[in-house]
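K.L.:
What follows is a predicted structure for the sequence shown.
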Amino acid sequence: MRFDIDREYLLSQLERLLRIPSPTGYTDSIVHHVSAELEHLGVDAELTRRGEIRARLPGEQALGARAIVAHLDTLGAMVKRLKDNGRLEVVPIGHWSARFAEGARCTVFSDERVFRGTILPLKASGHTFNREVDSLPVGWDFVELRVDERSDNAADLVRHGIEPGDIVAIDPQFEFLDNGYIVSRHLDDKAGVALMLAALQALVRGGMVPPVDTYWMFTIAEEVGVGAASILLPEIASLVAIDNGTTAPGQNSREYGVTVAMGDETGPFDYHLTRKLLGLAREHGIATQRDVFRYYRSDLASALVAGNDIRTALLTFGIDASHGYERITIDALDSVAALIAAYVVSPVLIKRDARPIGPVEGFTSQPEGPAPD
């Protein structure tokens, strides 16, 4: 039986998350919001020094705990230089193309004030530059930020209080369509956060007690490669990340159902945990497809590089134009949320994982092919 996910709650949370600017390095407001929502759901949460969130859904036992993770931070930009023409040179926060920055409305957070503006190509006016507007190269060296204040030179910018290092948040420009499509920037990974909250709500509402403690974790620097490096606990044996799946030519991801990632640029995900999730999806009637991502890292990579001995798996909702102007469907979000809920209450199959180290007895095995001649 598939878990009943409250889609109205999921979408309302996604809209609220999208309205809160949270480029990496400017995440305090969204941390407060998610912490308050966890409290509303009746789940105790604690924060690290920088604001990563770790909430615990108590289980029948503590050891061999499970964890689910998504990231609160998004792509953005930072002021690099105040230009003589009264505009701002910016550099990206996270990896995204200046092609998607051109024309974006944005907010500049200075130490004292908030400014609105637009990121434009250096040659933005066809009436001035004629065909040169089409021949200008694409890149961060070829765009600038126009602040919506009188700024004729760098001195004007200084008087406004704008400085190098100020954070720039890009407007999401979201649309929720009646046919189930959702179009917005920053669906990576605010959609993941929203569906995690919806899965947690379904479990709490149903009074479900998992077999082991389950931690719901929200990181704040995944887009710059830090992610879940410092938030795990020794008792956590497995970590499932929720992030975007890239629906694009050459990929097997879809905008419907759950795309189960089998591996990314850091290598294969855990054999047994991944196949457990695929089995649960079949059992609960949740459509899935598998994919492998070549140019992709998630919270899992940072957790493993930090030295954590954990099983890892990546569940994704298919996104078209990832790190650009993205599109998803409510079907995919509902499907991933239902699979998370099913996983959290599923029996623990690898009992040995409750211990960080032990003898070979109880260790897993994988199918073997025929012996070579």
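P.N.:
Structure's in. What do you need?
K.L.:
Enumerate every residue touching the closest residue in space to Asn85 that isn't next to it in sequence.
P.N.:
Counting by C-beta to C-beta, 6 or more residues apart in numbering, Asn153 is the residue found nearest to Asn85 once chain neighbours are left out, at 7.2 Å. C-beta coordinates here come from the backbone N, C-alpha and C atoms, glycine included. Going by C-beta atoms under 8 Å, 6 or more residues apart in numbering, Asn153 touches Asp84, Asn85, Gly86.
K.L.:
Pull out the buried residues from these.
P.N.:
Among those, the ones that count as buried by 16 or more other C-beta atoms under 10 Å are Gly86.
K.L.:
ok, of the contacts of Asn153, which one's closest to Pro367?
P.N.:
Closest to Pro367 out of those is Asn85 (64.7 Å), distances taken as C-beta to C-beta.
K.L.:
quick one: that closest one and Asp178, what's the gap?
P.N.:
44 Å (C-beta to C-beta, to the nearest Å).
K.L.:
Ok, Asp189 next?
P.N.:
Asp189 sits 25 Å away from Asp178, taking C-beta to C-beta as the criterion.
K.L.:
one step back: any chance of the contacts of Asn153 in a markdown table with secondary structure as columns?
P.N.:
Formatted as a markdown table, the contacts of Asn153 follow (DSSP: H, G, I helix; E, B strand; the rest coil):
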| residue | secondary structure |
| --- | --- |
| Asp84 | coil |
| Asn85 | coil |
| Gly86 | coil |
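K.L.:
The contacts of Asn153 into CSV, with extra columns for pLDDT and distance to Gly307?
P.N.:
Below are the contacts of Asn153 laid out as CSV (pLDDT from 0 to 100; distance: C-beta to C-beta, whole Å):
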residue, pLDDT, distance to Gly307
Asp84, 98, 48
Asn85, 98, 48
Gly86, 98, 48
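K.L.:
Pick the one among the contacts of Asn153 closest to Ser97.
P.N.:
Nearest to Ser97, judged by C-beta to C-beta, of those is Asn85 at 23.8 Å.
K.L.:
Pull the contacting residues for the closest one.
P.N.:
Glu144, Asp152, Asn153.
K.L.:
What is the nearest of the residues you listed to Ser298?
P.N.:
Glu144 (32.1 Å).
K.L.:
Checking my notes, that closest one in a strand, right?
P.N.:
Yes: assigned with three-state DSSP, Glu144 falls within a strand.
K.L.:
ok, now how distant is it from Gly117?
P.N.:
10 Å.
K.L.:
Please enumerate the shared neighbours of the two.
P.N.:
In terms of C-beta under 8 Å, 6+ apart, Glu144 and Gly117 are both contacted by the residues Leu88.
K.L.:
tell me which element the closest residue to Leu197 other than its chain neighbours falls in.
P.N.:
Distance criterion C-beta to C-beta, 6+ apart; nearest residue to Leu197, sequence neighbours excluded, is Gln13 at 5.2 Å. Using DSSP states H and E, Gln13 sits in helix 7-18.
K.L.:
same thing with Arg275?
P.N.:
Assigned by DSSP H and E, Arg275 falls within helix 271-283.
K.L.:
Give me the buried positions along that helix.
P.N.:
Residues His272, Leu273, Thr274, Lys276, Leu277, Leu278, Leu280, Ala281 are the ones in helix 271-283 that count as buried (16+ other C-beta under 10 Å).
K.L.:
Which SSE is immediately downstream of it?
P.N.:
Helices and strands here follow DSSP H and E; after helix 271-283, the next one along the chain is strand 288-292.
K.L.:
Helix, strand or coil: sort out Val31 for me.
P.N.:
Strictly by three-state DSSP, Val31 counts as helix.
K.L.:
wait, it sits on Ile220?
P.N.:
Yes: the pair Val31 and Ile220 passes the contact test of C-beta atoms under 8 Å, sitting 6.8 Å apart.
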